[in-house]
Each structure stands twice: as structure tokens, then as C-alpha cells.
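# What follows is a predicted protein model with its sequence.
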Amino acid sequence: MKFNLYLLTAFTLLLSIPLVNAQKKGKSISSDILNMTFEKLQDDESVTELGAISILENGVSSPTENAADLFQKGAGNEFGVPNNVFGNEMTAENGGSLYAGFVAYRPGRESSLRSYITIPFLKGKANESLRKDRMYCIQFDVSLAESSKFACNNVGAYLTKEAPSTPSGIINASENIIRGKHNRIHQGFFGWDKVCQIYTAKGDEKFITIGNFDANSATKYITVKKPKSSDVEALKHAYYYVDNVTVKLIDSEEECQCIATNQMANVEEYSTLVYAKAANIDETMSLSDKISANVAYFGFGKKDFTAGSKEALKFIAAQLKANPELSLVITGHADAQEEELGINKNEFKDMGMVRAKYAERYFMAQGIDLSRLTIKSMGAEMSSREIADVDEDELKAAKNRRVEFSLD
């Protein structure tokens, strides 16, 4: 019996060795350090006022007296989604029913009246630190609110050991900062622009704060013109909605989506801006005009539908089902850079037709007979009617990545 017991013990230890080694080779923490879509409110809480960021669970806070805001579907025209006091914006793709907002820039005497959003890294209920010398892919989506008279650069994230704290004013930081590639001015109304960069940790960072961490003198800004369709008051600020804040541990740069996509496209820079605009429809319009008012917009090199595009497709599908005699023309478009890349790269070839076919497949899945659908591509030949003279080239390109619909 003693021999058998020793044999069993040795055998058990032998079996456990690969498991121990496997644990040492694996990562000790999840690669997903943070995935914040601003969805988790404290019990029985709802958005009823500005500056409501503190009603979120998980220790989300705002370090300045001018607190960041929260917007929620069903919260009314002041604090709601998509309509609120600062404009009209749907949640970002996979963004749920809420997003946040902050002031990134004010001129003159009000320059210090900014707001920030601080989010802790948590594992359970305990704070978690980033791992020293490891790479992290940090991403978040921003959209310029229509109330903004300005748009600015320097929108970024600040990584700290302690949560920043200042009753009022600007949080100045010169290190532990990430901004998007080339630190662009984010000027896109209606749609989400991705801020994405790799960060190498010092090893004690427990908080991420979103905002602008540079003085006005170091911040580039431009004056923007409110869209004609917007009835919100234009204010002297650059106000940004924010959604989908993620921090992910990575082993190589290729694992960070913003870096990987750049390499795939083999260009030094391309737009991450996705334009979106809700259709402006009233009951006096003809059915043909209502359908034409719905446009689906796309990301660079993308065929998948954004949340706004899905709403447009859903509306048109409902009209086709209700009116079996109608036939639809689906016209796909691309931007000039996609057309140029498509000459030598199959993944960008005729993006207009690719997008039109994708929309066609959607309607067929909704039970619309193929005989009622006509698809065509205009490539980059025809510019969007949404383009304004004041739009920068990046925004013009984003407006051209689209599918339009008309009755045959």
C-alpha cells in the first residue's frame, strides 16, 4: 500500500508539470483591460441633467468642477440619444444605448472650463495596474457635437497611477499621453472618428482619463459651421461625444487594429472617420423623396453597415414590403483613395459595387425579390450632395463612401 501511495503521488505530480508550465507561458491577466461603453448605471439611476458622468458604476468620475456629461436613449431631447442639447448623434457601433461627452477646447477667458472623463482599470472590485514595458492598444471613438463653433486636435488619453484631481482648470500633462495618429483635428459631425494608438506601460498606471491635456496655446483649432439641418445653439467650445473606450494588452503592433489596418492598406495615412446623418424626413415628402433621403455611409475600405446605415436600410425595407409594386435602384460609391488603391489591391477593388451588392443582400434577406432590385456603381465619379465648401478633404471623402437609394 505504501508503494502504491508513493507511485500515485509521483504520477499526480508528473501530470501537473505541463499545467504549471502552461500557466507560466500564458498571460496572468486578461488581454482586455478595459471595455467601457458607458452602459452600467448605478441602481435606479437615469440621466436627468448635465454633468451626470458620476452616476456610472465602476468608479467613473470627472476630475474638474465642469463635469463631463452622459447621454442616454429615452432621456428626452436635452440628455437623450440621438437628440440632445448639443446635437444629434447615434451611439457608435456596438456602443449600446449611452455615450459620454466632454469639452476639449474653449477660447479666451473660458479656456479653463474643460471637462474630462476618468476610468479606473478594475479586476473585480480591485484596481489593476498595467504591466511594465508591455504594449497596450488604446482606442476610443469621438464625434464633434453640432453645438461646437470649433474643432481641435490634442484629443487623447492620459494614463496615471492616481486619478487626476483638480477642482477647475486644465489638466496639463507632458508624458503618459496617447493621441491618434498625426494628432489630427477631429471635425466630423454625424459619425465617429477613432482615436487609436499603442502605449508602452511604465507599470503603475491604474486610470485612464479622456480629454485635452494641452494649453490653448499648444492646441490647434479651426472654426466650423453648424449643419443647416441642426437647430441646437452654437456655443464657443469644441465639444466631443465619446464612446467605446478600450485598452487591450498586446504582444505585437499588428494586434492593434489601427496599426494593422494601416499596414493592410499600405498607405501612410487614411481616414478613420465614418460620416453618418439621420434622414431628415417629414410627412409632406413623397415616398420617393423619403427613400432618397436615406443614405448608408461606410468606413474606409469597409462594406459592413454602421448603426446609422442599418436604420436607413430598415426604413427602406419596410417601404418595399408595404408597397410590393415598388422597385429600388441601389447605387454604390467610393472615395478617390479607395479607387486608387483598388487598381492594385483586390481588397479595395470597386468598393462602390461591393457596397451596393452588400445592400442588395440585406434586402433579399428581408424577403425582397431580386427582380425588384437594381444595383450599380459610380465609383468616385459623383460627389455626395452632403459635401460643403468648408469641409476638409477627409470629411469630403467620408461623405463619398456611401450607398444611395432611389425608386426605379
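Perfect, I can see it now.

# Could you use CA atoms for every contact and neighbour count after this?
Noted.

# buried sites along whichever helix or strand residue 289 is part of?
Taking DSSP states H and E as the definition, one finds residue 289 inside helix 287-293. Neighbour counts over helix 287-293 (16 or more other CA atoms under 10 Å) mark 290-293 as buried.

# so where is this structure shaky, pLDDT-wise?
Regions of the chain meeting the criterion pLDDT under 70 cover residues 1-30, 190, 228-229, 259-270.

# Domain parsing of it, as residue ranges.
In the assignment given by automatic domain parsing, the structural domains of the chain cover 32-267, 275-407.

# one step back: hey, C-alpha coordinates of the helix holding residue 289 in CSV?
This file holds the C-alpha atoms of helix 287-293, laid out as CSV (Å, rounded to 0.1, in the frame of the first residue of the first chain):
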residue,chain,number,x,y,z
LEU,A,287,-42.3,58.3,-50.7
SER,A,288,-39.6,58.7,-53.4
ASP,A,289,-38.1,61.6,-51.6
LYS,A,290,-38.2,59.8,-48.3
ILE,A,291,-36.3,56.8,-49.7
SER,A,292,-33.7,59.1,-51.4
ALA,A,293,-33.2,60.9,-48.1
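
# Heading C-terminal from it, find the next helix or strand.
By DSSP H and E, the next helix or strand past helix 287-293 is strand 296-297.

# Look up how far residue 113 lies from the residue nearest the centre of the chain.
Relative to the mean C-alpha position of the chain, the nearest C-alpha, by CA atoms, centre = their mean, is the one of residue 141, at 3.0 Å. According to CA to CA, to the nearest Å, residue 141 stands 22 Å off from residue 113.

# How about residue 82?
The span separating residue 82 from residue 113 equals 25 Å under the rule CA to CA.

# now do residue 213
When CA to CA is the yardstick, residue 213 and residue 113 sit 13 Å from each other.

# ok, these two, which is more surrounded?
Between residue 213 and residue 113, residue 213 has the larger neighbour count (other CA atoms under 10 Å), namely 24 against 19.

# Skipping adjacent residues, who's closest to that one in space?
Take residue 213 and drop its neighbours on the chain: the residue closest to it by CA to CA, 6 or more residues apart in numbering is residue 172, 4.9 Å away.

# SS state for the one you found?
coil (DSSP: H, G, I helix; E, B strand; the rest coil).

# quick one: contacts for it?
When the contact criterion is CA atoms under 8 Å, 6 or more residues apart in numbering, the partners of residue 172 are 213-215.

# Next up, identify which helix or strand residue 361 is on.
Per DSSP H and E: helix 351-365 holds residue 361.

# Am I right that residue 397 is in a helix?
Yes: inclusion of residue 397 in a helix is indicated when three-state DSSP is applied.

# And stretch 220-239, what's buried?
Across stretch 220-239, burial judged by 16+ other CA under 10 Å covers 221, 224, 226, 232, 234, 236-239.

# Check those residues and tell me the two furthest apart.
221 and 232 (21.0 Å; CA to CA).

# Under a three-state scheme, what state does residue 391 occupy?
When states are read from three-state DSSP, the local structure at residue 391 comes out as coil.

# Name the residues contacting each of residue 213 and residue 113.
Shared contacts of residue 213 and residue 113, defined by CA under 8 Å, 6+ apart, are found at residue 170.

# how about the helices in the stretch 251-400 of the chain?
Taking DSSP state H, counting those that start in this stretch as the criterion, the stretch 251-400 of the chain contains helices spanning 257-265, 287-293, 307-322, 336-341, 351-365, 393-400.

# Can you identify each of the strands in the stretch 201-350 of the chain by residue range?
Defined through DSSP state E, counting those that start in this stretch, the strands belonging to the stretch 201-350 of the chain, from first to last, are 207-212, 221-223, 238-250, 274-275, 296-297, 328-333.

# Provide the strand pairings for the second one, with the direction of each partner.
Translated: strand 221-223. Strand 221-223 has the following sheet partners, assigned by DSSP bridges: strand 150-152 (antiparallel).

# cool, the longest one as well?
Next to strand 238-250 in the sheet, as set by DSSP bridges, lie strand 32-36 (antiparallel), strand 98-105 (antiparallel), strand 135-144 (antiparallel).

# among these, which is the most enclosed?
Greatest average neighbour count among the strands paired with strand 238-250 goes to strand 98-105 (a mean of 27), per mean count of other CA atoms under 10 Å.

# can you list contacts of it?
Taking contacts as CA under 8 Å, 6+ apart, the residues outside strand 98-105 that touch it are 37-39, 53, 67-73, 81, 91, 111, 113-117, 150-152, 155, 211-212, 216, 237-243.
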